[in-house]
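[1] pasting the sequence and the predicted coordinates here, then a few questions.
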Amino acid sequence: MKAGGMRISKGKKSKAAVRRAAAAAAERKHRYVRGPATNILLDKNNLNMNMNVLAVHSSAEKKLAEMSLHLAKLQSRVISQKAKPHIPLGQKKEGSTGILQQSRWVCTWQNGPSNIRATPGGDKVGQSQAGDIIEELEQKDGWIRHTKGWSMVASGPHVMWMKLLMPSTRWVCVWRNGPSNILATPGGDKVGQSQAGDVVVELEQKDGCIRHIMGWSMIASGPHIMWMKLSTAPLHPPAPPEFVEKENMFKALLGVVEDIYHVSMDQLKQLDSVRAFRFAIENDSTGAKDNDWALAMAMPGKVKDATDRLWIIAGGDEKNKHMSLVHFKALITLVLSKFNPEMYKQLIERTNQLYPDEDDMPDAMEAMYCNWQQNKDPPDSEFLPECLNRMTDGMGDRIGKGDFITLLAKHVVAVELLPPSWQSVKQVIAEANKTAE
């Protein structure tokens, strides 16, 4: 018989000697790996020394061979990854024109939180809210993996997550005359509101509307721009020094105005809204012709736009259509104690510059000039509360928007409570000179 390539002659050697000779021959061909509980016989001809892949000649140890193979593959992946330089997201790879980017998703499910799971369909490990944005690491069977776990893209007909454009397009609401409506569909039912300054991420654009996680918003209404696209370009190089200098000067001037006139930034906004309201009133022919300013403030037009802005800035609740009486009285107090006195002083100063000699002043201006002189000082602290109480007599703690319009029309516009602008005064002067000719 043959054992490991050696011929064994019968009768010349014992059985023990034959076994020893066979074992020695096998040792030359095979290698033993000895463990505490087993001896695993390995074939040296099938041993891959580079990858440490072991071909096991024992059916009972097949699982160990599979694990060794898997370990070798992992080792190969680790070695290959270490050989590659790390390129951060958004940075260009050397020698290429593209930028490495990951897919980004936004949660669009608004009927409660969206669950995050350890594996697709596995245990819950967290939650996402509508508007959350994640970066996709992997996608599998309708699920996306991110840094917090796995999230389901859709559940039946309900879409939970939507992929963002790369780069994503953002829009800002620029409509300042009240809220901008959010619609269920382009031109559909109202489902919410946006305020000036709100920023949304565009999911799709259709029929002049943009879709975001809250619904659809109209980009423009006739000549009025409601939303503007934000630029994604970085602010490089930085702003020119002259621009920064002007901005700092503007902030300093605002500080001077606040200190001199003892008004806050919110009050400055109200004063600006009062001035815009006065300008709209002076340039409206409908209200003046019909003497129905309440109607002009409620009907679409520049007067209504200015009224709506004044309502919001003064503290009106556009959603519930009411304003506290305290806020309304604060607005009228600001008009009587700050706006009117300063406007009258400005009119007097300009008139004196135009007519150093009062005798040269047109007759049409004399009565106006006397009125300015009488009202250039703020009202007495005792008179002001009494005036406000008479104006709002019969009103409760809150007034509706209709009451707000009625009070303005009756006690502000109809009685010409606001001083005229210098532009309207110049028109009076021009008409007087034309008549004199």
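    The structure has been received and is ready for your questions. Numbering: from 1, shown residues only.

[2] in the stretch 201-350 of the chain, which spans are helices?
    241-261, 265-282, 286-290, 293-298, 302-313, 325-334, 340-354 (DSSP state H, counting those that start in this stretch).

[3] can you list the ones you listed in JSON lines and add mean pLDDT and mean neighbour count?
    Quick note: C-beta positions are derived from backbone N, CA and C, even for glycine. Formatted as JSON lines, the helices of the stretch 201-350 of the chain follow (pLDDT from 0 to 100; neighbours: other CB atoms under 10 Å):
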{"stretch": "helix 241-261", "mean pLDDT": "78", "mean neighbour count": "11"}
{"stretch": "helix 265-282", "mean pLDDT": "89", "mean neighbour count": "18"}
{"stretch": "helix 286-290", "mean pLDDT": "55", "mean neighbour count": "13"}
{"stretch": "helix 293-298", "mean pLDDT": "86", "mean neighbour count": "21"}
{"stretch": "helix 302-313", "mean pLDDT": "91", "mean neighbour count": "21"}
{"stretch": "helix 325-334", "mean pLDDT": "92", "mean neighbour count": "18"}
{"stretch": "helix 340-354", "mean pLDDT": "91", "mean neighbour count": "16"}
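
[4] tabulate the ones you listed in JSON lines, adding columns for distance to Met218.
    Shown next, in JSON lines, are the helices of the stretch 201-350 of the chain (distance: least, CB to CB, whole Å):
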{"stretch": "helix 241-261", "distance to Met218": "32"}
{"stretch": "helix 265-282", "distance to Met218": "24"}
{"stretch": "helix 286-290", "distance to Met218": "27"}
{"stretch": "helix 293-298", "distance to Met218": "22"}
{"stretch": "helix 302-313", "distance to Met218": "17"}
{"stretch": "helix 325-334", "distance to Met218": "30"}
{"stretch": "helix 340-354", "distance to Met218": "37"}
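
[5] and stretch 365-382, how far from the chain's centre?
    Put simply, stretch 365-382 sits 47 Å off its chain's centre (CA atoms, centre = their mean, to the nearest Å).

[6] go ahead and flag the most central residue of this protein.
    Val199 (3.0 Å; CA atoms, centre = their mean).

[7] next, count neighbours for the residue lying closest to that residue once chain neighbours are set aside.
    Of all residues not flanking Val199 in the chain, Val172 sits nearest, at 5.0 Å (CB to CB, 6 or more residues apart in numbering). With neighbours defined by other CB atoms under 10 Å, the count for Val172 comes to 14.

[8] tell me who's in contact with Val172.
    Contacts for Val172 (CB atoms under 8 Å, 6 or more residues apart in numbering) come out as 197-199, 227-228, 230.

[9] and the pLDDT for it?
    On pLDDT, Val172 comes in at 84.

[10] also Thr108?
    Looking at Thr108, the pLDDT reads 77.

[11] make 41 the first number, not 1, from now on.
    Yes, from this point I'll number from 41; that puts the last item at Thr148.

[12] for the residue nearest to Val239, what are phi and psi?
    Main-chain torsions, Val212, degrees, to the nearest 10: phi -120, psi 140.

[13] what residues does Lys269 make contact with?
    209-211.

[14] mind doing that once more with 10 Å?
    Counting by CB atoms under 10 Å, 6 or more residues apart in numbering, Lys269 touches 209-212, 242, 250, 259.

[15] where is pLDDT lowest across the contacts of Val212?
    Least confident of those in the model: Leu270, at 74.

[16] where's the residue nearest to it when sequence neighbours are not counted relative to Ala236, distance?
    Distances taken as CB to CB, 6+ apart place Arg210 nearest to Leu270, at 4.4 Å, with adjacent residues excluded. As defined by CB to CB, to the nearest Å, Arg210 lies at a distance of 15 Å from Ala236.
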